[in-house]
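*Asks:* this one's structure only:
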């Protein structure tokens, strides 16, 4: 499988990797919305129309995490730093540096 390069393709990969556990038709989702909102706190829920997924129901916490991930992925400087760290070339500092004067 080719690796996605664009932000939307990466988001799709993130969503698919979240392991959809439940799929509901649009009418089922409408009828069960309060229960699905509760279930979305722990599961990713797909909503399908004619056997094709048309939407996902995710918790606010998970959506915030996805948005934060996309922001990092859109920052070339952050992505270069992540790449360096993955190759073992990252810059690491001892936690005690936070206690030094002028470090904040």
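*Replies:* That came in fine, so what should we check first? What you are looking at is a predicted structure, and each value in this text was computed from that prediction instead of being measured. Numbers count the residues shown, from 1 in each chain.

*Asks:* what's the longest helix seen in the chain packed up against?
*Replies:* Counting by DSSP state H, the longest helix found in the chain is helix 60-73. On a contact count with 3 or more CB pairs under 8 Å, 6 or more residues apart in numbering; DSSP states H and E, helix 60-73 meets helix 7-17, helix 76-86. Where you see a C-beta, it was placed from the backbone N, CA and C, and this is true even at glycine.

*Asks:* three-state assignment of residue 24?
*Replies:* strand (DSSP: H, G, I helix; E, B strand; the rest coil).

*Asks:* chain neighbours aside, what residue packs nearest to it?
*Replies:* Of all residues not flanking residue 24 in the chain, residue 47 sits nearest, at 5.7 Å (CB to CB, 6 or more residues apart in numbering).

*Asks:* where does pLDDT dip in the protein?
*Replies:* 1-20, 103-104 (pLDDT under 70).

*Asks:* most centrally placed residue in it?
*Replies:* In the chain, the C-alpha nearest the mean C-alpha coordinate belongs to residue 66, at 2.9 Å (CA atoms, centre = their mean).

*Asks:* surely that residue touches residue 58?
*Replies:* Yes. Counting by CB atoms under 8 Å, residue 58 is a contact partner of residue 66 at 7.5 Å.

*Asks:* next, show the common contact partners of those two.
*Replies:* Overlap of the contact sets of residue 66 and residue 58 (by CB atoms under 8 Å, 6 or more residues apart in numbering) is empty.

*Asks:* neighbours of residue 39, how many?
*Replies:* Neighbours of residue 39 under the rule other CB atoms under 10 Å: 17.
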